[in-house]
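K.L.:
fold the stuff below for me.
(2 chains)
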Amino acid sequence: MNVLSTIVGVVIPYVAAFVFVVGVLYRVFFWSKTVVPFKITTTSGQQKSLPWLKRTWMDRFDSPYTNWETAVRMLMEIFLFRSLWKNVRYELPSQTAVNTKWLWLFALTFHWSLLIVLIRHFRFFLDPVPPFVNLIQSLDGFIEVHTDFFQPHVVHIMITGLTLLIALLYLLYRRLFFPRERTLSLPSDYLALLLLLGVVITGLLMRYLIPVDVAHIKELAQGLLVFNPPTDLELHWLFMLHLLFVSSLLAYFPFSKLMHAAGILFSPTRNMPNNNRAVRHINPWNYPVKGIDWDEFYEDFKEDMEELEQMGYVVKPEEV
Amino acid sequence: MQEEKFEEKERFEIVQRFPSWKEILKPSTEMRKGYYSYAATLRDQEYLNLPFPREWSPLDEDWKLPPNWKEILINKMDELRKKYRSFQVFMDICVRCGACADKCHYYIGTGDPKNMPVVRGELLRTIYRKYFTKAGKIFGEWAGARELTEDVIKEWYIYYFQCSECRRCSVFCPYGIDTAEITMLARELLNAIGVSQRFTLISAAACVRTGNHLGLSPGGVVNSIKYAVDDIKDITGIDVEVPVNKKGAEILFVTPSGDYFAQPHWFTFIGYLMVFHELGLDYTFSTYAAEGGNFGFFHSFEVAKKINQKIYKEAKRLGVKWILGGECGHMWRVKHQYMATYADETYEEALKVLEEPVNPVTGTLFENATSTKMVHILEFLADVLKHKKLKIDKSRNDHLVVTFHDSCNIARGMGLFEEPRFVIKSVCNHYYDMPDHAIREKSYCCGSGAGLLADELMELRMRGGMPRAMAVKYVHEKYGVNHVAAACAIDRAAFPTLLQYWKLPVQMGGVTELVANAMVMKGEKERDTDLRGNPLGEYLEVEV
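P.N.:
As a prediction, this is how the structure comes out:
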């Protein structure tokens, strides 16, 4: 039994997974315990008012009135990055704004690629491999390359693995070289990107350049899942590196901005319908605040009020 | 403190600065003329029972904060993050993608990195991390955390009063992080240690005492209405009678107090009275609830509530069936999203008399206002005009080439986009929209909202209004637009100065003014002037 392999392959992943699960649950639990005193939807489209007023489909989702419209708004935010799609860039000295979709494009590419890569990883954990995982795997890898590298064989190029890398490099590039983004980036922003890059680069290396024993890894993954890890571990150094990056990312997740993945579901400007005047929102901690009431007001301005009474509560133009 | 006057410069430069992240963590405390607000007066602080009332000035070295201010602030922050999910979530999930950065008109106009919405949020987030997160406690500035010092308070005072709570950034944020919400809570925090801004509190205190922001006594309100009906008689020859504090009226009409005498609000004000008269509406003004706006909203929960309760109380006392609200921006953010929630038993009391709002002229039920019972004047007018209940002579507005400025709060806090456009197009022949990036949910602020209409902030206001002014310039040059319509009292106050400053010969007015000007009233004399007293159909060039 190899001590290093056991620590990196079993102990650290378990600790990281534990921190991840408990941490995320704790954060989500804490968020759900905080209260929402006001319904503060950001309305990005025409409200529902008069029945004949033009209200497009997008208006219904950008300014949702019903719960299902709100749900579609949330789904569009999560899966299509609707708000980023609206992005514009203000240009000086022309003093106008132009549409810009680069951030939307690369952010969306990154997140979708990551999702597909994660789904592809199911095949390490599940036996038999579910059909949809195989389907995604074959669609993702439809490009075949014949190579003589090491020995003549066919390599399936997994598109999402490469787009994941490209998108991450772009996201890092803009933080490093766009002046505004460099100013507003904190070390933690780079840390998240570097951890992800570590995961992706080690993963790509294993796939294309430095092959590792996949059967062995599958054995480990399935063992970890049922809390019965293999005892005769002998892991490749590159795989250990990959696993270390993944574990760090998992353990870092609950303490970082990466919690935006769960947080977006709690964002009150997006997850509430714009039906404020039809459905009253109750503030659970509302408390009375004493203001001036009518009687005090009347006392303060008695003369004025009596004069108004003499006028019969009506203001008329001067008689000419 | 000496009051300094705004010097109009022939040109000013937008210097974009890009300091390092470490530089950003250091508080900027320089009180630059035109960029910082005066401190609240002792009188207003005392009148509103605010914590730690005292005379102080932002220019003083020592702000005379209470000795345990730090403890108070941290405790308040802990309280707020549990009371407002928005606060807790917005502190936690910002990824600093930068999508919001150049969406802020103050950032565009000043180039000051701390005016980027993300950094404005970071001003607070850095403190949150230091005192409420493990990473911040352990790693300090490397985790983006910093110590709470008096300099941080000064920085907050500068930058949270350089945000007009317009919510433009929140439209573009992929998580909907709303800097207006962060600004509101930061101001709440500042209030807890006795740091408040003068302009908001003058208006708020006046509103609590007299029922309106301008501090008009009931007699003053009545006098304004008197002048208005005199004006209407001059223009149309018609005797308009305006009910005030009339019990048993069907509708309570509430409008921002700027309408009672400011220019060009006035023409919208007489517009309301003319339209209501022509429709034969059974309505009333109130001297107790003479104000629709709520400057307390720019200060703190408690002051906002103090002002908010009047309308429902008055609705109950007068026994009205529903409430109609005039053209105003932040007033409608409050009325739409906050009024019924703020109100506690006053709302339940008012429900005893209030009914679902039905337009007595057309029979339309305003379905979207069945709970709050408050309808926007432009929803009301759109309904009236759709049913052709007013006789309109569009040619009376032919001298105007109109564009509509979507005021922040009714755009992003309500979604009122089509109603004003329908109303304007129903009464004007020449209407052109500004470019897409400057209207609807992407609308630019006038630069003077949320308590920033103060004179001492003039340079900030002119810079912040630049993107809006440039969009007006575009349609002015392309289509000859000479009139900006906006449904907001702050806009009507801010635009004339702004357009003048940017040398745009364009006038400004409300939407109802256009309706009333085009309206042919029953029994009117031969009209020879418009509501502004100019010869009918003639555009009086604006001097720039």
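K.L.:
and the gap between A:P268 and B:P66?
P.N.:
Using CB to CB, to the nearest Å, A:P268 is found at 32 Å from B:P66. Just so you know, the C-beta spots here come from the backbone N, C-alpha and C atoms, and that holds for glycine as well.
K.L.:
neighbour-wise, which of these two wins?
P.N.:
A direct count of neighbours by other CB atoms under 10 Å in any protein chain shown for A:P268 and B:P66 places A:P268 higher, at 22 against 15.
K.L.:
give me the low-pLDDT residue ranges for the chain?
P.N.:
Looking at chain A here, since you left the chain open. A:1, A:149-150, A:320 (pLDDT under 70).
K.L.:
you answered for a different chain; I wanted chain B.
P.N.:
B:1-10.
K.L.:
so who does the residue nearest the centre of it touch?
P.N.:
Central residue of chain B (CA atoms, centre = their mean): B:H330, 3.5 Å from the mean position. The contact partners of B:H330, by CB atoms under 8 Å, 6 or more residues apart in numbering or on different chains, come to B:E165, B:G293, B:N294, B:F297, B:F298, B:N409, B:G449, B:A450, B:C488, B:I490.
K.L.:
phi, psi of it?
P.N.:
phi -60, psi -30 (degrees, to the nearest 10).
K.L.:
ok, the one 4 residues further on next?
P.N.:
The main-chain torsion angles of B:V334 are listed as degrees, to the nearest 10 and equal phi -70, psi -50.
K.L.:
tell me how many other residues surround it.
P.N.:
Counted with other CB under 10 Å, the neighbours of B:V334 add up to 25.
K.L.:
how about the one 3 residues further on?
P.N.:
By the other CB under 10 Å criterion, the neighbourhood of B:Q337 contains 24 residues.
K.L.:
and B:E302, by the same measure?
P.N.:
Count around B:E302 with other CB under 10 Å applied: 17.
K.L.:
could you do B:L189 as well?
P.N.:
Around B:L189 there are 24 residues (other CB under 10 Å).
K.L.:
check which helix or strand it maps to.
P.N.:
helix B:179-192 (DSSP states H and E).
K.L.:
so what touches that helix?
P.N.:
A:40, A:269, B:50-51, B:72-73, B:76-77, B:80, B:84, B:86-87, B:90, B:100, B:104, B:117, B:120-121, B:123-124, B:153, B:156-157, B:160-161, B:163, B:165-167, B:169-170, B:196, B:297-301, B:450.
K.L.:
for the stretch 151-300 of chain B, what spans make up the helices?
P.N.:
Remark: helices assigned in the stretch 151-300 of chain B by DSSP state H, counting those that start in this stretch are B:168-172, B:179-192, B:198-210, B:218-236, B:265-279.
K.L.:
please identify the deepest-packed of the ones you listed.
P.N.:
helix B:168-172 (a mean of 26; mean count of other CB atoms under 10 Å in any protein chain shown).
K.L.:
next, see if that one gets close to chain A.
P.N.:
Yes: for helix B:168-172, a contact with chain A is found by CB under 8 Å from any CB of the partner chain, at B:S170, B:V171, B:F172.
K.L.:
quick one: the helix holding B:L189 to helix B:198-210, angle?
P.N.:
80 degrees (axes from the mean of the first three to the mean of the last three CA atoms, to 10 degrees).
K.L.:
could you dump helix B:179-192 to CSV, C-alpha only?
P.N.:
Extracted in CSV, the C-alpha atoms of helix B:179-192 (Å, rounded to 0.1, in the frame of the first residue of the first chain):
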residue,chain,number,x,y,z
THR,B,179,-26.2,48.5,-5.9
ALA,B,180,-29.2,50.6,-5.0
GLU,B,181,-30.0,48.1,-2.3
ILE,B,182,-26.4,48.1,-1.0
THR,B,183,-26.4,52.0,-1.0
MET,B,184,-29.7,52.0,0.9
LEU,B,185,-28.3,49.7,3.6
ALA,B,186,-25.0,51.6,3.7
ARG,B,187,-26.9,54.8,4.4
GLU,B,188,-28.9,52.9,7.0
LEU,B,189,-25.6,51.9,8.6
LEU,B,190,-24.2,55.5,8.5
ASN,B,191,-27.4,56.7,10.1
ALA,B,192,-26.8,54.3,13.0
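K.L.:
how many neighbours does the closest residue to B:P66 other than its chain neighbours have?
P.N.:
Leaving aside its sequence neighbours, B:P66 sits nearest to B:F52 (CB to CB, 6 or more residues apart in numbering or on different chains; 5.1 Å). Neighbourhood size, B:F52 [other CB under 10 Å]: 17.
K.L.:
I figured B:F52 hits B:I193, correct?
P.N.:
Yes: counting by CB atoms under 8 Å, B:I193 is a contact partner of B:F52 at 6.7 Å.
K.L.:
quick one on the thing from earlier: now tabulate the residues of helix B:168-172 next to chain A in TSV and tack on distance to A:E69.
P.N.:
Putting those into TSV (distance: CB to CB, whole Å) gives the following:
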residue	distance to A:E69
B:S170	19
B:V171	17
B:F172	21
